[in-house]
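**Q** Quick one, fold the following:
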Amino acid sequence: MNRKNSVSRMVITALFCAIILLLNFTPIGYIQLPLIKATIIHVPVIIGAILLGPKIGAGLGFVFGLTSFYNNTFAPTLLSFAFSPLIPVPGTAKGSWAALLIAFVPRILVGVVPYYFYRLMNWLLKGKFDLLSLSLSGLIGSMTNTVLVMNLIYFLFRDAYGNVKNIPVNAVYNAVLAVIVTNGVPEAIVAAVLTAAVCPALKRFAPMKQ
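**A** Next up, the predicted model:
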């Protein structure tokens, strides 16, 4: 039985990796907005983390980070300098390796935070209201990505962000908050719905990490 479970988990992990890569190369994976790219690629990372545990979740998050690095390098937008060191920072002739922190760290944590939040919710609710726990875990996982990405951009590239948005530096954080609300909240709602819808079905094929 353990061998069967291990094979099931490997198959599900490979499936999630394939979904992440497939979304990366389709228009629905990264939705181009005027300044930044909205995404739903974090959803399979969140679901994978909840089902398979934080180690596999972190690995899926790393794959998510690779897609961000790839997209912002080969299909750059005004803000791609914050995700790829190969894109010059506005006002300079070269990129910054700090961009790799933004491309990878929040995405890896998307594969870790939902797992522990889901366990916390199960403990608080004594195993009841599982759909609520799943949906809130999906929402928290999505907001982990948005909040960390935008705040890292603020702390690491505040001046450059103000430059590309043509706003004064003292107004940059208000702009960051606006992105968190306008992009992050809809992404989080989608993640909450899909996590609650998909996880119960997949539990039958991949016993959850305890």
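
**Q** which secondary element of the protein has the worst mean pLDDT?
**A** Across the helices and strands of the chain, the lowest-confidence element by mean pLDDT, DSSP states H and E is strand 30-32, at a mean of 60.

**Q** So which residue is smack in the middle of this protein?
**A** With the centre of the chain defined as its mean C-alpha position, the nearest residue by C-alpha atoms, centre = their mean is His42, 3.8 Å away.

**Q** How many neighbouring residues does Arg204 have?
**A** Arg204 is flanked by 8 other residues according to other C-beta atoms under 10 Å. Quick note: C-beta positions are derived from backbone N, CA and C, even for glycine.

**Q** what's the spacing between it and Phe117?
**A** When distance is defined by C-beta to C-beta, to the nearest Å, Arg204 is 23 Å away from Phe117.

**Q** swap in Val110?
**A** Between Val110 and Phe117 the computed distance is 11 Å (C-beta to C-beta).

**Q** which residues are common contacts for the two?
**A** Overlap between the neighbourhoods of Val110 and Phe117 consists of Gly141, taking contacts as C-beta atoms under 8 Å, 6 or more residues apart in numbering.

**Q** Please give me every residue in contact with Tyr70.
**A** Tyr70 makes contacts with Asn24, as judged by C-beta under 8 Å, 6+ apart.

**Q** Which of the helices or strands spans it?
**A** For Tyr70, the element it lies in under DSSP states H and E is helix 54-74.

**Q** Gly48 now?
**A** Gly48 is part of helix 42-52 when elements are defined by DSSP H and E.

**Q** Show me the contact partners of that helix.
**A** Counting by C-beta under 8 Å, 6+ apart, helix 42-52 makes contact with 9, 12-13, 16, 19-20, 23, 56-58, 60-61, 63-64, 107, 110-115, 118, 134, 137-138, 141-142, 145, 187, 190-191, 194-195, 198-199, 202-203, 206, 208-209, all of which sit outside it.

**Q** and the longest helix for this protein?
**A** In the chain, assigned by DSSP state H, the helix with the most residues is helix 130-165.

**Q** list the helices and strands that one packs on?
**A** Packing partners of helix 130-165 (3 or more C-beta pairs under 8 Å, 6 or more residues apart in numbering; DSSP states H and E): helix 42-52, helix 99-110, helix 113-124, helix 172-179, helix 185-202.

**Q** Now the buried members of the contacts of helix 42-52.
**A** 9, 12-13, 16, 19-20, 23, 56-58, 60-61, 63-64, 107, 110-115, 118, 134, 137-138, 141-142, 145, 187, 190-191, 194-195, 198-199, 202, 206, 209 (16 or more other C-beta atoms under 10 Å).

**Q** one step back: tell me which of the helices and strands packed on helix 130-165 is the most buried.
**A** The highest mean neighbour count among the helices and strands packed on helix 130-165, using mean count of other C-beta atoms under 10 Å, belongs to helix 42-52: a mean of 29.

**Q** okay, the angle between it and helix 113-124?
**A** 50 degrees (axes from the mean of the first three to the mean of the last three C-alpha atoms, to 10 degrees).

**Q** And helix 42-52, how far out from the chain middle?
**A** 10 Å (C-alpha atoms, centre = their mean, to the nearest Å).
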